[in-house]
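# One predicted model, sequence on top.
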Amino acid sequence: MINLGILLTRQYRLLSVAAMLDVFQTVNKLAEYAGQSPYFNISLLRADESASQATDALINDQIYHISQAEKQDIILIPAFGTEQTQQAVQDNLDYIPWLRNQFANGTHIASFCTGAFLLGATGLLNGRAATTHIDACGAFSATFPDVNLLPYQVVTSDGGIYTSGGSTSSFHLMLHLIKLYCGSEMAIRTAKIFSIDMDRSQQAYFGTFAPSQDHNDELVAMAQQKIAAAYHEPATIEEMIKDIPSSRRNMVRRFKQVTGYTPIEYLQNLRVEGAKKLLEQTNQQMTEIMLNSGYNDPKAFRKVFKKTVGMTPTGYREKFQVN
């Protein structure tokens, strides 16, 4: 039987833990219905002496302190709230040496959505591919620059470490693990029970570019304000931030360090986000949307939009326009 441990981290999202329990308990029941032994020995693991009553009401599984738990084959790290990631990592530092030790002894580790921030803090993701909630990717890359962040990926797998994108992407990571440990047939049966489309290959079009302004770098804040005020105009990034009292090299370095994006990437994301809102909320023609988003070259507009969003402007409108 596979020892599967779910961390009850501080500030975990209850929905994330509940989804893990529901899916892996269902796999065990399907095995039992087929006359087989359950695949997973599910444990909930914590680093403090208390567990939430809400969690207790959802489960029948045993809750163990990490110092008392037996060796796990795979450990699952649930999501945090997207606005709490930095504090959540600080509140869960006592998990980090234990996770490192578990991995060193052969345990696989999977993080779901923003749980990647705790996994990133262990250093185990350095040099590895990873993903997280699309809206948290800027903060993640700024915090963990040594990680090969793939923001549009739904699931990553790299040397026994797995990560997933946001929200429903967690189900795709669980299906990946079920296929790995239980076989393709069980993964397909599980996907049907939970109505999961197995062919999702990217999460880019679910993202909303909402860059953080919560920092103390006045020069970067000034640049952000100037770009936000002028992104819809067909000006270059150099023209937009020409009055910032800093050399271009220093500005780019500081901007990237604080926001996770270079100034040109930041501008492109603002323009694409503006185009997305127009596609969702208006009946403007594509040429109008292009011009109102700061572009004057249809080919460049389509290219940047598709690269950023993962689909064409027309495809995005068909999928998300509010009728």
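Received it, and whenever you're ready, just let me know what you need.
# okay, CA-based contacts and neighbour counts for the rest of this
Will do.
# residue boundaries of the strands in the protein?
Taking DSSP state E, the strands of the chain run over residues 2-7, 40-46, 62-65, 74-77, 108-111, 129-130, 148-149, 155-158, 161-164.
# mind giving me the domain ranges of this structure?
If you go by automatic domain parsing, the domain ranges for the chain are 2-206, 218-320.
# Out of the strands of the chain, flag the one nearest Ser16.
strand 74-77 (9.2 Å; Cα to Cα).
# which helices and strands sit right next to the closest one?
With contacts taken as 3 or more Cα pairs under 8 Å, 6 or more residues apart in numbering; DSSP states H and E, strand 74-77 sits against strand 2-7, strand 108-111.
# coming back round to it: just say which of the strands of the chain is most tucked in.
strand 161-164 (a mean of 27; mean count of other Cα atoms under 10 Å).
# What strands line up against it, and which way round?
The sheet places strand 161-164 alongside strand 108-111 (parallel), strand 155-158 (antiparallel), with pairing taken from DSSP bridges.
# would you turn those into JSON lines with distance to Ile77?
Formatted as JSON lines, those follow (distance: least, Cα to Cα, whole Å):
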{"stretch": "strand 108-111", "distance to Ile77": "5"}
{"stretch": "strand 155-158", "distance to Ile77": "14"}
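# By mean pLDDT, point me to the weakest helix or strand of this structure.
Lowest on mean pLDDT, DSSP states H and E among the helices and strands of the chain sits helix 53-58, with a mean of 47.
# Where does pLDDT dip in the stretch 101-250 of the chain?
Along the stretch 101-250 of the chain, the parts satisfying pLDDT under 70 run over 198-208.
# all helices of it, in order?
116-121, 137-143, 169-182, 184-193, 218-230, 237-240, 248-259 (DSSP state H, counting those that start in this stretch).
# Just name the most buried of those.
Highest mean neighbour count of the helices of the stretch 101-250 of the chain: helix 116-121, a mean of 24 (counted as mean count of other Cα under 10 Å).
# what residues does that helix touch?
Residues outside helix 116-121 that contact it (Cα atoms under 8 Å, 6 or more residues apart in numbering) are 77, 79, 85-86, 88-89, 92, 96, 111, 125-126, 130-132, 140, 144, 147, 163.
# centre of the chain versus that helix, how much separation?
11 Å (Cα atoms, centre = their mean, to the nearest Å).
# CA atoms of that helix as CSV?
C-alpha atoms of helix 116-121 as CSV (Å, rounded to 0.1, in the frame of the first residue of the first chain):
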residue,chain,number,x,y,z
ALA,A,116,4.3,25.7,-4.4
PHE,A,117,5.5,28.6,-2.3
LEU,A,118,6.3,26.3,0.7
LEU,A,119,7.9,23.8,-1.6
GLY,A,120,9.9,26.6,-3.2
ALA,A,121,11.1,27.6,0.3
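# who wins for proximity to Leu21 among the helices and strands packed on strand 74-77?
Judging the helices and strands packed on strand 74-77 by Cα to Cα, what sits closest to Leu21 is strand 2-7, at 8.5 Å.
# what's the angle between that closest one and strand 40-46?
Strand 2-7 runs at 30 degrees relative to strand 40-46, counting by axes from the mean of the first three to the mean of the last three Cα atoms, to 10 degrees.
# Using PDB, list the CA coordinates for strand 2-7.
Coordinates of each C-alpha in strand 2-7 appear next as PDB, following Å, rounded to 0.1, in the frame of the first residue of the first chain:
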ATOM      1  CA  ILE A   2       1.200   3.500  -0.800                       C
ATOM      2  CA  ASN A   3       1.700   5.800   2.100                       C
ATOM      3  CA  LEU A   4       0.200   9.100   1.100                       C
ATOM      4  CA  GLY A   5       0.500  12.100   3.500                       C
ATOM      5  CA  ILE A   6      -1.500  15.300   3.200                       C
ATOM      6  CA  LEU A   7       0.000  18.200   5.100                       C
END
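# Perfect, that will be all.
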